[in-house]
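> kindly return the folded structure for what I paste below:
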Amino acid sequence: MTSALATRINAISVALAACWAGFGAFLGFLLGGWWVAATGAGVAGLGAGAGLFFYRRRVMASRRAAETRGHTEGTADAVLMGIALYHAAVFPLTPNGVNEEEQQARRTVAYRLAADDGLPRAVRVAAAAALEAIDEGQDTERAQAAVKALTLTVYDCRADR
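Numbers count the residues shown, from 1 in each chain. Down below sits the predicted model:
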């Protein structure tokens with residue numbers, strides 16, 4: 001968590017607790033005078049502070065889970081893009097459109113992306129099948145089908161939320 005976000009969350013929590021304390025004081029003053037107002041402010045402020053403390057812990061836990069899921073989805077998308085670029089280099093639209101050096105560079109990037117430890121197993125398997133089909137370089141339909149299967153696998157992983 002960045003310090004700016006933590007600072008904002010803490011400032012909002014204090015402001016919310018102060019608002020509840022003010023509401024408790026106002027209600028207490030209406031019902032019974034100054035002593036009841038002070039008691040109402042204390043009770044409302046402590047209750048709001050305790051509630052916000054426990055709520056903040058739950059929010060931070062769900063935020064960490066969302067960050068992990070976002071990293072996984074982003075990595076899967078990067079793998080898909082790298083393999084699609086490698087596919088385009090092996091099967092260019094124009095003859096001799098991609099030289100051997102660029103093809104090797106795209107192959108290296110695609111393999112490095114596919115080797116990431118944060119990928120789900122299904123994406124890893126589909127990426128390996130796509131890389132194998134592209135590496136053979138003979139059958140364009142098989143390579144396109146493998147890249148399409150990888151695309152659907154990445155999409156399915158994203159829809160698993």
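> where does His87 land in three-state SS?
Applying DSSP: H, G, I helix; E, B strand; the rest coil to His87 yields a three-state assignment of helix.
> got a list of what it touches?
By CB atoms under 8 Å, 6 or more residues apart in numbering, His87 lies in contact with 130, 134, 143-144, 147. Just so you know, the C-beta spots here come from the backbone N, C-alpha and C atoms, and that holds for glycine as well.
> tell me how far it lies from Val79.
Distance of His87 to Val79, given as CB to CB, to the nearest Å: 12 Å.
> what is the rounded mean pLDDT of whatever helix or strand Val14 lives in?
Using DSSP states H and E, Val14 sits in helix 3-32. Average pLDDT, helix 3-32: 78.
> the helices in the protein, which residues?
Applying DSSP state H to the chain gives helices spanning 3-32, 34-90, 100-114, 121-136, 140-159.
> buried deepest among these, which one?
helix 121-136 (a mean of 19; mean count of other CB atoms under 10 Å).
> who are the packing partners of that one?
Counting contacts by 3 or more CB pairs under 8 Å, 6 or more residues apart in numbering; DSSP states H and E, helix 121-136 packs against helix 34-90, helix 100-114, helix 140-159.
> how far off helix 121-136 does the longest one point, in degrees?
Read it as helix 34-90. 20 degrees (axes from the mean of the first three to the mean of the last three CA atoms, to 10 degrees).
> gap between the lowest-mean-pLDDT helix or strand in the chain and the chain center?
The helix or strand of the chain with the poorest confidence is helix 3-32; it has a mean of 78 (mean pLDDT, DSSP states H and E). From the chain centre to the centre of helix 3-32 is a distance of 31 Å (CA atoms, centre = their mean, to the nearest Å).
> could you name the helices and strands sitting against the helix holding Val14?
Helices and strands touching helix 3-32, by 3+ CB pairs under 8 Å, 6+ apart, are helix 34-90.
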